[in-house]
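# what follows is a predicted protein model with its sequence.
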Amino acid sequence: TKIVPLELSSEEVEEVGTPCFAIGFPSGGVVGSAMTSGIVCASALGSPFLNNKNNNTEDQNSSQTRFVVTDAAMAGGMSGGPLVNDKGVLIGVNALVNMELRALGNYAVHTSECRTFLNDLSQRMKNKDTTSVDRKTSLYGVMLFNDPFNKRQRVSDILNEVVNLDRDEADKIMMEAHRSGRSTIRTYESKEEAKMLCDKLRSQDIL
């Protein structure tokens with residue numbers, strides 16, 4: 001099957017009322033993928049979980065993230081899935097749910113944030129020195145990316161409990177991702193082993 005990449009929306013702000021669809025793999029007994037429908041209800045700057053908290057550096061950075069707010073229902077496990085409009089254009093990446101806001105509690109990171117992240121990642125990869133890489137062996141790295149909604153302590157706890165890293169190593173990897181945008185959790189020669197770890201982390205809404 002040919003994989004066709006999704007087109008990214010070029011809009012800075014999605015129009016309220018635009019039909020949209022959230023796609024993902026929810027946990028809790030649902031088998032396989034799922035899709036819900038709704039409309040773009042609003043745009044938001046910052047996470048509803050962070051805007052009322054102390055003004056530390058982590059919260060200030062997260063408060064600048066642009067989100068699409070939709071009434072297309074999201075559930076645990078759908079984080080990282082696409083939010084597309086009725087033309088199949090990506091307008092956001094499913095991120096978090098605030099149950100207190102009911103239908104207005106479904107947040108997706110806006111495409112403009114994704115484009116900025118991808119451009120930055122591409123530039124970093126171009127600048128990376130690859131001369132010491134052994135090209136005879138294919139290694140599959142499981143990467144941890146800094147995201148705008150998971151707290152540092154939660155990420156460290158998941159690395160400790162799910163990946164079985166000791167506390168110092170978990171904290172080191174978490175801080176590297178926080179400071180530089182990404183860090184390597186583990187590398188494998190087996191693609192299947194790497195995918196298994198990715199699936200475990202994704203089920204915990206860790207990117």
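In hand now; what should we look at?

# mind checking how far the nearest residue to Gly181 once chain neighbours are set aside is from Ser180?
Spatial nearest neighbour of Gly181, chain neighbours left out: Asn146 (5.2 Å); criterion: CB to CB, 6 or more residues apart in numbering. Heads up, the C-betas are built off the backbone N, CA and C, glycines and all. Applying CB to CB, to the nearest Å, the value for Asn146 to Ser180 is 8 Å.

# and for Gln153, the neighbour number?
10 (other CB atoms under 10 Å).

# give me the low-pLDDT residue ranges for the protein?
Within the chain, the stretches with pLDDT under 70 are 1, 47-63, 128-138, 147-149, 207.

# which parts of it are helices?
Counting by DSSP state H, the segments of the chain that form helices are 57-62, 111-127, 152-161, 167-180, 191-203.

# related to what we said a few turns ago, ok, the residue nearest to Gly181 touching Glu176?
No: in this structure Asn146 lies outside contact range of Glu176 using CB atoms under 8 Å: 9.3 Å.

# neighbour-wise, which of the two wins?
Between Asn146 and Glu176, counted using other CB under 10 Å, the more crowded position is Asn146 (20 against 15).

# got phi/psi on the residue lying closest to Arg124 once chain neighbours are set aside?
Excluding its sequence neighbours, the residue lying closest to Arg124 (CB to CB, 6+ apart) is Gly181, at 7.4 Å. Torsion angles at Gly181 (phi, psi; degrees, to the nearest 10) stand at phi 100, psi -20.

# give me the neighbour count for Gly181.
Gly181: 15 neighbours (other CB under 10 Å).

# who's in contact with it?
Contacts for Gly181 (CB atoms under 8 Å, 6 or more residues apart in numbering) come out as 117, 120-121, 124, 145-146.

# any chance of the residues you listed in TSV, with distance to Leu6 too?
Formatted as TSV, the contacts of Gly181 follow (distance: CB to CB, whole Å):
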residue	distance to Leu6
Phe117	15
Asp120	19
Leu121	17
Arg124	23
Phe145	18
Asn146	22
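
# partners of the longest strand anywhere in the chain, with directions?
Counting by DSSP state E, the longest strand found in the chain is strand 34-45. Here strand 34-45 is paired, per DSSP bridges, with strand 19-24 (antiparallel), strand 66-70 (antiparallel).
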